[in-house]
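Student: Give me coordinates for this.
(chains A, B, C, D and E)
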Amino acid sequence: MDQILNSLHYIKPEISAAIALSVLVIIDLIMGKNKKYLSIVMILGLLATTYFIIEQFGNSSFAFNSDSSKFGLLAVDSFGSFFKLLIILSSLIVVLFSITSYEIKKAKERLGEYYSLIWGMIIGMFFLVMSADLIVIYLALELLSLSSYVLAGITKDTLRNSEASLKYVIYGGVSSGIMLFGISILFGNTGTTNIYEINALFQTQQLQGLVVTLSALLIFAGIGFKISAAPFHFWTPDVYEGAPITITAYLSVASKAAGFALLLRFTKVTLIDSINTDGSWNLISLIDWKTFLIIISILTMTLGNFAALWQNNLKRLLAYSSIAHAGYILLGLIALSNEGLMAVMIYFVIYAIMNLGAFFVVMLIANKTGSEELDDYRGLGKVAPLLTVSLAIFLISLTGLPPTAGFIAKLYIFLALINSKMIIVAFIALLNTVVSLYYYVRVLKYMFLDKSEKEIAPIKINFANSILLIVLLIPTILLGIYFTPLVEFAKNSIALLGF
Amino acid sequence: MQNFPILSLLTFLPIVGMIFILSLTKRQEKTIKWITLIVTGVQLLIAIVILFFYNFSMAGINDPSSFQFVEKFRWIEITGLAWVGTIKIDYFLGIDGLSVVLVLLTTIVTFIATFASWNISKSIKGYFALFLLLDTAMLGVFVSLDFFLFYVFWELMLLPMYFLIGVWGGPRREYAAIKFFLYTLLGSVFILLVMIGLYFSATETLANGSKVFSFNILTLMDTANYTTTGILSPFNPNNLRFIAYIALFIGFAIKIPMFPFHTWLPDAHVEAPTAISVILAGVLLKMGTYGILRISYPIFPDITIQLLWYIGLFGMINIIYGALAAMAQKDFKKLIAYSSVSHMGYVLLGMASLTTASLSGAVLQMFNHGTITAMLFIIVGIIYDRAHTRDMDAFGGIANQMPIYTGFVAVAFFAAIGLPGLSGFISEALVFVGAFSSELIRTITIISTLGILLGAGYMLWAFQRIYFGELNSKWKELKDLELREYFMVVPLTLIIILLGVYPSLILQFMTTSVNALVKFMGDAQIIISSIN
Amino acid sequence: MTESVLIKLALLILFLPLIGFIVTLLFGKRIKWLYWFENSILILAFLLSAVLAYFKLTHFTDQTLISEFEWINLGSIPFVKSIIIDLGIMLDNITVLMILTVNIVSLLVHIFSVGYMKGDKRYNRYFSYLGIFTFSMLGIVLTHNLLMMYVFWELVGLSSYLLIGFWYEKKTASDAAKKAFIVNRIGDIGMFLGILTLFLTYNTFSFDKIFYQISTGNLPFGTEFGLTVAGVLLFCGAIGKSAQFPLHVWLPDAMEGPTPVSALIHAATMVAAGVYFMIRVFPILSGDALLVIATIGALSAFIPATIAVTQNDIKKVLAYSTISQLGYMIMAIGVGAYTFAFFHLVTHAFFKAGLFLGSGSVIHSMHHEQDMTKMGGLRKKMPLTYITFLVASLALSGIPFTSGFLSKDGILAGTFAFGSLTGYWYFAAVGFIVAFLTAFYMFRAIIMTFHGKPKNKEKFEHAKESSFVMAMPLVVLSALSLFFWYSLNPFNPNEGKLLSSWIKTPEISVPQSARYEFMKTDDKIINKENLEEVTYSNSYTEAIHHAHYPTLFTSASLALLGILFAFIFYQWKVFDPNKFAEKLKPIYLLSFNKWYFDEIYYASFVAGTIGLSKIISMFDNKFIDGIVNGSALFTKNFSAFTGKFDNVVVDGLVNMMAYISGMFGLFFRRFQTGKVQTYILFVVFSLIILLYIFR
Amino acid sequence: MTVYDITFYLFALITLGSAFFVVTIRNIVYSAFFLLFTLFGITGLYVLLSADFIAIVQLVVYVGGILVLLLFGVMLTHKITNVQIKSGTLQIIPSAIAVIVLAFALIKIFLSTNWKTFQLTAQNSSVQGLGVLLVNQYSVVFELLGILLLIALIGAASMARR
Amino acid sequence: MINITLYHYLIVSSVLFCLGIFGVITRKNAIMVLMGIELILNAANINFVAFARYGNFGNSGQLAALFVIILAAAEAAIAMAIVLNIYKTFTNINIDEIDTLKD
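Tutor: Just a heads-up that it's a prediction; the model follows:
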């Protein structure tokens, strides 16, 4: 009992989130049709949670362990806090997006549910990034998924919206089912669901590789679904295209971040054998996890990039782009070193900023033109210079050209890779970058090089949105020129509990 | 003067101008143009000031203490995790004999390109903002001594170029722009890989005695700085230096452009607006050869020596192939574009023999080709502005209608042919003198002399088709040069003639450095071969 | 008059025409009388060169004055030879004589042009071009090093290009200009390589330093063969510029330029530059190289002479005769008759200029009619022109009492002596045959032009004697074609100052073993007092001496025979030349069609190059730039593919990548069916595959 | 063959046999009823595995809740009057291949694995143990499930509501 | 003596798992697909309980199964809501006809 009470202060952010959720639900019920204050309540809740996350930084302990010598259910560490912060900040930005989103405005009567479900996602993700137990992982993943299934179809006004929701739930249900099956096998093999204990067993006991491989593959099916890694990515383009754009942005950033945090923790805690003095990891020899990740990674980025070449819907294009980026991020993990881990974290921060920025612009344009089709972007450069130039910068950053932040993100990944002597992989990844340039630049071509056949009215955006845009724009450029703080931050956050 | 951050000023002045321009409204077209003109003019002045204070006796190349106008301070410093060491990137600018020439060239060409941009009518604000951004990127490449910084500038140039071709170009501009973009990015990908590989292969000793990996180009040149296990370290018996060299070379070769990576060039040139063609041919192509001289050669002297013959061979192919391809063209601009391929071949040929004469010739050829080809593109632009066609067969007898213009054309054409008395001759002759003295590539050099003949062939044929013969009655209305155009052609003509008569004006800046490079290559080669 | 004053004088002479060129070019359009500026500059230059020649030849007879300065210094590094390129001028007897010749002819041509070009719309431009030509030519003459030689060599090429193409509205003119430049370039490449070879070995371009190095036994590539190669390569330049076989084809075409230009450039001076160059580098020409030179010279003397026999265009006849005479000079150098080569150069300059100007005078009065078959009987209308033309023709034919007789006889004696010493008789044979042919075709031309009945009445009626400015140069030049300027003995040139004390065969630097047998230094002679005068074996000198009178007699008789034949065929019409031609049809056609050189060259080199360039261009577009397009395998898919990618991706290697990428993309898109169950099926399959891989 | 064995085979047969019909039979309502049998069978297996509490929960939640929910779903999404409440199938052959291969692979791996097993001993009811575990060590999961159900409620309501 | 080993249970669970997947992939009707998902979850649950029983792992296996059952209920609820929503917009719930989102 003491243990529980002692552990409570480790989950302050989650408690805060849960309280915020309750408050939101209650206010929504009280206020009835009046949805004015919901956004403010939401933002306040987010800020409060942010505060608790920042406060929590530097903690490193298990929470909810039955006795202090044992491993707990949750691992509170700066790695988790880093991802929580990333998640909460992207949530904040997405909520700000939602305030102006035309799609969300149309579904105004469900705004309470919308925000509540976002809280559901947040709580799920928080648990996901900090859990040390496979059962908790599964439940958190389901919480995250269930919320996002509904959010993907929240506006309900279009076919594609509902369809996205259905596809998501079926695909997600199967994926998590497969993952659960994998968890059950691992449980059978080791007798525990705690990943730290599993790791201890891996290191000490003689286990059969085949069944471990099987369980790891099945578990990866669930994680791969979340991070949309090939060949578990199929839902991504369809759901991203169908979901409201705010949710698409959110899924592509926060949900993916949580999935990656899970993958990183799973890899570094469960499958590790030892860490060398130079920071590289030795994985257990039961499973060739590294080769597996290399295959997945190359497949993911290649598939994402090449399929994106053909897209004419910007949301769908960004969906494929986010698949490709998942591939790049996996590269950081492939390096199997602390350096690679750091690279992944740096990548994520930058990816979050630039991807959110791109989606934001797409949303703002869609608010006015009602379309995300590339054809409707023709000649937009003339009528909406700020928006299009911003989008251009975000896309260039996504390509990874200096002096934008995207370059730094890629640079660190490649530094890690080459330091691990994986030159051919790095080369393939770089060739992929070249391919990706084509479809990103194609957007620029439509905006700036082509002429519109019809007259388009100038797109004006309000002051608050311009500020938000610039807030996203500044780090996209600045981090490309001066990235010391970011790297320092990531470097200080790579500490996983116990490793 | 050596302590004043003049190189930063030179490099980032256009950014200031760009910000100014962006703060103006679209209507203030005149102001925008004048700002650009003033910025590029001031840059030219700064470049001249730099020349004025330049110390001929300081060599540069691999010696940090003999670079001039050096600016060096820590840009990024991240005390790292135990396993990486400190990540350190310097803001490190400086010039030596190789770069000072190209800095001067860049400022001249940009200044003249500003005049060539004067009659741009579509989205002026965007054009000049991008133009100035491009300017910064180009200068940045030539003054950076840190590989990372170099790479940033190198890539920074892509985007403005894409838009400048893509928005303001000819009918197939989109295709040309994307082709340019993809091609060059493909090249930079190779460069990036090698850059990272080098980073992990050499360390720099900090003031406190600790060793850190380094992007510093000069550090990378010194064999003593390499670690024993780095993948590109000569001490590592399984090193990948050979592959890395090829990759790096391809990266730069695409920019030159070297056969068979040249096909982006004709397209880009044909579609680009005049001013951009001028910059593209005048400055951008030099980045490739500059990169090879600044980075590939001194960092990989051992591999360079092994591959000299192939470099020469590709130089020869460029010369002959470019000339023959030029001969078949009907489009005036395409002809000039292919002539660039041919002329850059001389630079490659010059680099293929490590002699003072040929390297001087190669660097001088970079400068001369920059001015000559800039003038050629301006010439094409002038006639295209008037006639709205570049089909050479559609012309004829222009000499009668536009005699003064034709006079300038003749100067440029004969300079391109390599007529003595004009600048092109000196550099080609030096290249041949040097290359011929290298036994390794003597046969190649002899075959390459055919380029002299073919060059005369296609140039004179073009000259005849466009300017000679009876005046085609279609062109009765063409006017001779106007004031703005004099501003473009007269300075270039003067430079071409002046350097043709007295090349030492430029040569004096580079001799020390070129000699140092030759010596360094020899020494480093010996050191490295002693390791293995 | 000190040396430095002479040098400065020479420099002044060199740069005066340049000033004339610049001023006339820049302001000629505005200021109509500016051609007089150019002309007066030439007069000044002529006077100054006369002064220069006088003082050089009288006060510094045996000295070679050199002045140089450092032009390019590429610095130095240890153990590597430093590269310093000097520019400078050199004054010796040959130089000053050549300057004088050039300036005289140039001046006269200038004056003639004032009348000839009157009314041309680019009148002043014409004179400015003459200015730059004179400048470049003087540069060639004055230079003391190979680099400057090459520089000015190219510059005369440029001025020749400009002047041939002066009437560029005419396609033939601009074609001829281009042809001249490019054909010259072929020779220049060889010359350039020769220069590179020498520079590589001696690290200098200066003649004197190279000569000295070679005389110490330091040879290119260390072998005598290297020296021969260098010599032959240098000679390539002369082949181009002096229109020697096989690069002679440009010169006849060059007659498209204004006739005074032909006189100045394509007869008297520029084309002689090749000969002059060979004279300059004579000391380093090995025996084998000389033999090559002599052979080329002989071929060039013979072939054009046979062609000239059947030509109907008066300028073409003169052009081929020029090539033939230049062949003589080259052959003279090849057989070692150094002094006579130069002598013939000078005399030829005057009488050939006279011939051209005379023909110009005819053409001018016939309203630019050049076809001799349309002329005739002009003797009465233009007596002065007739007489001067006749004198010059006699000189060209080598009739006694003319300058041509003296110089040509020397050359023939040289070949004869060469034959007697080496057994290579055919040089002498060629010399005599050509002497006969020369006389024949020259008088054929005179008869067709001036004698007989007018063929074109209308033009004949309008023809009249030329004005003073045009007539004066004719007179001066025909006067200069007489013997007494060169030697008071009309039968022995060696008695004149020119050959007895001013021009001497120079010291030969070539190692003994690489020389002609008879040129090897004779030990016996070294002990003799007149060592300086005879630098190679006096056996040759003696042989020439012996050959002198026989050849004199033979050549004069052959020339007279030629004249006789001309009269038989064309004046008295004893035989109908047309019937004669019918009988010898193959030979006639060969000659009339200039041995088909143009056709052969066009079919092989020109068409070859252009074809190759087209192939390369195709290759560039279709293959390198579009492997896709060329590949039949992809073509079908590609059309569907372009439908979507159309303007963005059309061709290219990039495009092939794009195509493949696109195909990849399409492949991946296949999986995105929109049916969620299919997705799950894929997932299951992937899991099975992954399981299989990692089992 | 003990009673235990026979019981196991019986339940296993019920489970798998009806599961097979669940996924193959065309009529949806029949299919739903076969699912009922499957779930019963599984409950039986739980009992055999001495998981009494789980078995009960299985009955209550699955049979009482989820299955009814699904049946309601069937009724709501199909016109009751339409007797032919049938569902087609698709991609049978590739699916069958995939699934059979997968099944073989799984079984092969399972059989080839040497699991840690202990001699089965009689077990008391697990209810108490589960309860203690749930509120002690897994209390936070308990809370998490609470939130999850709340979210499910909100979500389902939001979705199903017009 | 009980002859039934862990392997027996595992075979049952893996066959059930595969049948579940088969159902998910092949059935057109969305509700049928959901039934397939339930089968998958149940297969996992059998594993948990069986492993816990045979491996003597204590109660955590059963607890996991318990959680999964609860979760399955929640998921079924949400999925049903979504299916109803689909029925409203598409007027059928045949998944293979719901493919407006595709490449």
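Student: give me the low-pLDDT residue ranges for the chain?
Tutor: In the absence of a named chain, this looks at chain A. A:1 (pLDDT under 70).
Student: sorry, should have said chain E
Tutor: E:1.
Student: which residues in it form helices?
Tutor: E:6-26, E:30-55, E:60-90 (DSSP state H).
Student: tell me the most buried of these?
Tutor: When you average the neighbours per residue for each of the helices of chain E (mean count of other Cβ atoms under 10 Å in any protein chain shown), helix E:30-55 leads with a mean of 27. Any C-beta I mention is one placed from the backbone N, CA and C, and that applies to glycine too.
Student: Check the offset of that one from the chain's centre.
Tutor: 6 Å (Cα atoms, centre = their mean, to the nearest Å).
Student: So which bits of chain B are right by chain A?
Tutor: B:75-78, B:80-84, B:87, B:123, B:151-152, B:155-156, B:158-159, B:162-163, B:166-167, B:173-174, B:177-178, B:181-182, B:185-186, B:189-190, B:192-193, B:196-197, B:199-200, B:231, B:240 (Cβ under 8 Å from any Cβ of the partner chain).
Student: Where do the strands of the chain begin and end?
Tutor: I went with chain A, as the question did not name one. A:61-63, A:74-76, A:272-275, A:281-283 (DSSP state E).
Student: wrong chain, I was asking about chain C
Tutor: Going by DSSP E, chain C shows strands at C:65-73, C:84-91.
Student: what's in contact with stretch C:455-469?
Tutor: Residues outside stretch C:455-469 that contact it (Cβ atoms under 8 Å, 6 or more residues apart in numbering or on different chains): C:111-112, C:114-115, C:361, C:364-367, C:369, C:373-378, C:381-385, C:454, C:471, C:474.
Student: Narrow those to just the buried residues.
Tutor: C:111-112, C:114-115, C:361, C:364-366, C:369, C:374-376, C:378, C:381-382, C:384-385, C:454, C:471, C:474 (16 or more other Cβ atoms under 10 Å in any protein chain shown).
Student: Make a markdown table out of the helices of chain E and add distance to chain A.
Tutor: As requested, the helices of chain E are exported to a markdown table (distance: least, Cβ to the nearest Cβ, whole Å):
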| stretch | distance to chain A |
| --- | --- |
| helix E:6-26 | 5 |
| helix E:30-55 | 3 |
| helix E:60-90 | 5 |
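Student: Reformat these as CSV; add distance to A:Thr277.
Tutor: CSV is the format used below for those (distance: least, Cβ to Cβ, whole Å):
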stretch, distance to A:Thr277
helix E:6-26, 42
helix E:30-55, 37
helix E:60-90, 36
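Student: Select, out of those, the one closest to C:Ile568.
Tutor: helix E:6-26 (111.6 Å; Cβ to Cβ).
Student: The closest one - contacts with which helices or strands?
Tutor: helix A:159-190, helix C:676-693, helix D:3-24, helix D:28-48, helix D:92-112, helix E:30-55 (3 or more Cβ pairs under 8 Å, 6 or more residues apart in numbering or on different chains; DSSP states H and E).
Student: Enumerate every residue touching C:Ala428.
Tutor: Counting by Cβ under 8 Å, 6+ apart, C:Ala428 has contacts C:412, C:415-416, C:418-419, C:551.
Student: Sounds good, over and out.
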